[in-house]
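> Make a model of this:
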Amino acid sequence: MDLQAVESTAAAPEGPTTGGRRFVGSWRWALVLAVASAAGLIAILAAHPFAGQGESISERVSAAVGEQALCSEVGPASAADGQPTLYRCVVGREEDGLVRCFAGSGGGLRQFVDSRLGC
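The predicted model follows:
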C-alpha cells in the first residue's frame, strides 16, 4: 500500500456529518443546553405559575376586621397610588351586617367612607 492511499482512507469520514450531529455531539454545547434548561426551569418555578391569586378580598377584609365579610367589587378608584379597586363589603351576618367600603391594591387594604356607596 502506498502512503497516499493510507492518507485518503484515514481522512475519509465514517458517514455524513451534518451540522446538527456536530452540535449535539459537542460536550460543551450539551453543557450549555443543560445549564440553560435548568435556569429556565428555575425561572418558571420562581414565578409560581401554579399558585392561585391568593386570598380573596372577602378573606382579607375578614382577617382585618375580625368578622366574616362578604365583598363585591364596585370599580376602580381614581387615586394616585396605583388605581386601587373599590369594594363594598357586608361585615357580619348578611341580614343585619354593617356595610363598609374598602380600597385594595396589591397587598394593601384600607377602609374609606363614601355616601354614594352607602358606607
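> where does this protein dip in pLDDT?
1-24, 49-54, 77-83, 106-107 (pLDDT under 70).
> what ranges do the helices span in it?
Using DSSP state H, the helices of the chain run over residues 3-11, 19-25, 27-46, 57-65.
> got a list of what Gly118 touches?
Contacts for Gly118 (C-beta atoms under 8 Å, 6 or more residues apart in numbering) come out as 88, 99. In short, each C-beta sits where N, CA and C put it, glycine included.
> same deal with Val90?
69-71, 97-99.
> Show only the entries of those found in strands.
Using DSSP state E, 69-71, 98-99 are the members of the contacts of Val90 that sit in strands.
> Going by neighbour count, which of these comes out on top?
The residue in the ones in strands among the contacts of Val90 with the most neighbours, by other C-beta atoms under 10 Å, is Ala69 (23 neighbours).
> Identify the residue nearest that residue in space, chain neighbours excluded?
Val61 (4.1 Å; C-beta to C-beta, 6 or more residues apart in numbering).
> hang on, Cys119 packs against Arg88?
Yes: between Cys119 and Arg88 there is a contact at 6.4 Å, judged by C-beta atoms under 8 Å.
> Tell me the residues that contact both of those two, please.
99-101.
> could you dump the ones in strands among the contacts of Val90 to a markdown table with distance to Ile42?
Formatted as a markdown table, the ones in strands among the contacts of Val90 follow (distance: C-beta to C-beta, whole Å):
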| residue | distance to Ile42 |
| --- | --- |
| Ala69 | 38 |
| Leu70 | 40 |
| Cys71 | 36 |
| Leu98 | 47 |
| Val99 | 46 |
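> Check those residues and tell me the two furthest apart.
The most widely separated members of the ones in strands among the contacts of Val90, counting by C-beta to C-beta, are Cys71 and Leu98 (12.6 Å).
> re the thing from before, what is the nearest of the contacts of Val90 to Ala30?
Minimum distance to Ala30 across these is 53.7 Å, recorded for Cys71 (C-beta to C-beta).
> got the contact list for the closest residue to that closest one other than its chain neighbours?
In space, and not counting its chain neighbours, Cys71 is closest to Cys89: 3.9 Å by C-beta to C-beta, 6+ apart. By C-beta under 8 Å, 6+ apart, the contact list for Cys89 reads 57-58, 61, 69-72, 99-102.
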